[in-house]
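**Student:** sequence and computational prediction follow.
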Amino acid sequence: NAGVTQTPKFQVLKTGQSMTLQCAQDMNHEYMSWYRQDPGMGLRLIHYSVGAGITDQGEVPNGYNVSRSTTEDFPLRLLSAAPSQTSVYFCASSYSLPGLAVPYGTDTQYFGPGTRLTVL
Amino acid sequence: GQNIDQPTEMTATEGAIVQINCTYQTSGFNGLFWYQQHAGEAPTFLSYNVLDGLEEKGRFSSFLSRSKGYSYLLLKELQMKDSASYLCAISSGDSSYKLIFGSGTRLLVRP
């Protein structure tokens, strides 16, 4: 298993450009999520999905779109990049919903390696 | 909504014991997680508490008191490789099952 993969690893954008961060997992996980991590601010939830065709907003959804057409893929789209979106982006997945571990341990989040995005 | 508080930084000596606290306020509660994150890397799972009490996994233990909104991560026999950030995360109980993280505690282990 490759686990959770993210592409690209690094990206530089100009203000106003759009792009898609890719996330894929090969573990048949239902729950997938996107976080951004800024220095000193921990991980902040952008969007999440509890299964194919179902997405919902997290703490900081503005400026980002997601879709979940398959179980494996959960792309994050930046509509019009802004310098405030400079961050490290992590995708995560788990078999079951966080806190609903049936069987026990199946809600452990597996994180991808991250995408470092700079918006100039 | 949720509010999660952790100390920003802690320093400890190799071989010692350190306790990292996490306090939280949430409208519902499905469980509390601890993750470890080394600089420049992705977070990795350490422990999970859903009931009150202590969960022990080798050198790491995690404690939860739901009535007090309080958890701690206990690291014993500290090693240099334990220098990392430790993230507390809450799964809320409002049927959304969002996993919300605190800002993390950066632990520096000195020789």
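**Tutor:** Received it, and whenever you're ready, just let me know what you need.

**Student:** and the residue in chain B that chain A sits nearest to, how far from residue B:100?
**Tutor:** Nearest to chain A in chain B, going by C-beta to the nearest C-beta, is residue B:30, at a distance of 2.5 Å. Quick note: C-beta positions are derived from backbone N, CA and C, even for glycine. From residue B:30 across to residue B:100, the span is 11 Å (C-beta to C-beta, to the nearest Å).

**Student:** mutual contacts of those two, please.
**Tutor:** B:91, B:92 (C-beta atoms under 8 Å, 6 or more residues apart in numbering or on different chains).

**Student:** partner residues bridging residue A:54?
**Tutor:** Here residue A:54 sits in beta bridges with residue A:51, going by DSSP bridges.

**Student:** that one: how many residues sit nearby?
**Tutor:** Using other C-beta atoms under 10 Å in any protein chain shown, residue A:54 has 10 other residues around it.

**Student:** right, and it touches residue A:66 too?
**Tutor:** No - applying C-beta atoms under 8 Å, one finds residue A:54 not in contact with residue A:66, separated by 10.7 Å.

**Student:** identify the contacts common to those two.
**Tutor:** Contacts common to residue A:54 and residue A:66, judged by C-beta under 8 Å, 6+ apart, are absent.

**Student:** who is residue B:18 paired with across the strands?
**Tutor:** Beta-bridge pairing of residue B:18 under DSSP bridges involves residue B:75.

**Student:** so what's it up against?
**Tutor:** When contacts are counted by C-beta under 8 Å, 6+ apart, residue B:18 is found next to B:10, B:12, B:74, B:75, B:78, B:107.

**Student:** okay if I get the residues you listed as CSV plus neighbour count, distance to residue B:43 and pLDDT?
**Tutor:** What follows is the contacts of residue B:18, written out as CSV (neighbours: other C-beta atoms under 10 Å in any protein chain shown; distance: C-beta to C-beta, whole Å; pLDDT from 0 to 100):
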residue, neighbour count, distance to residue B:43, pLDDT
B:10, 16, 18, 98
B:12, 18, 20, 97
B:74, 16, 19, 98
B:75, 21, 16, 97
B:78, 19, 20, 98
B:107, 21, 14, 98
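
**Student:** tell me which other helices or strands whichever strand or helix holds residue B:71 touches.
**Tutor:** Take DSSP states H and E as the rule and residue B:71 turns out to sit in strand B:70-75. When contacts are defined as 3 or more C-beta pairs under 8 Å, 6 or more residues apart in numbering or on different chains; DSSP states H and E, strand B:70-75 packs onto strand B:18-25, strand B:31-37, strand B:44-49, strand B:60-65, strand B:84-91.
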